[in-house]
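Chemist: What follows is a predicted structure for the sequence shown.
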Amino acid sequence: MVAYTQQELVSATEISKQFGEYISKVKNGIVNKIGILKNNRLNAIILSVEEYEQLIVARNRLEDLEMYQTISERMKTPKDNYLDGNDVLKRLNLSLED
């Protein structure tokens, strides 16, 4: 779970009143993020564009790594254990014409 300082948590009402001020705080690096509370529950986060883009790049890299690991594991399967696609379709009562 991500930790927030007192100055990083703001009510939705307060954000609506001073939106520009809070955007400036994030943009200028005064705070890393702003957690928006609604009914005392974390509802949304305001991040800088740079931070958001870094998160997206990191997520994409993680997805690529997970795919690589899955493929690497599957490549260890001996060819004798491979399944024929047509046999699988027949077992599932499917065909490519469906």
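Modeler: All right, it came through fine.
Chemist: can we go C-alpha only for contacts and neighbour counts from here?
Modeler: OK.
Chemist: so residue 31 sits right up against residue 25, yeah?
Modeler: Yes. Counting by C-alpha atoms under 8 Å, residue 31 does reach residue 25; the two are 5.9 Å apart.
Chemist: any residues touching stretch 8-21, and which ones?
Modeler: For stretch 8-21, the external contacting residues (C-alpha atoms under 8 Å, 6 or more residues apart in numbering) are 22, 31, 32, 33, 34, 35, 36, 37, 38, 40.
Chemist: Adjacent strands (with direction) for the helix or strand harbouring the fifth one?
Modeler: So that's residue 34. Residue 34 is part of strand 33-38, with elements assigned from DSSP states H and E. Using DSSP bridges, strand 33-38 pairs in its sheet with strand 9-11 (parallel), strand 41-47 (antiparallel).
Chemist: If you count neighbours, what's buried in that strand?
Modeler: 33, 34, 35, 36, 37 (16 or more other C-alpha atoms under 10 Å).
Chemist: Okay, and the beta partners of the third one?
Modeler: Just to be clear, that refers to residue 35. Note on residue 35: beta-bridge partners residue 9, residue 45, judged by DSSP bridges.
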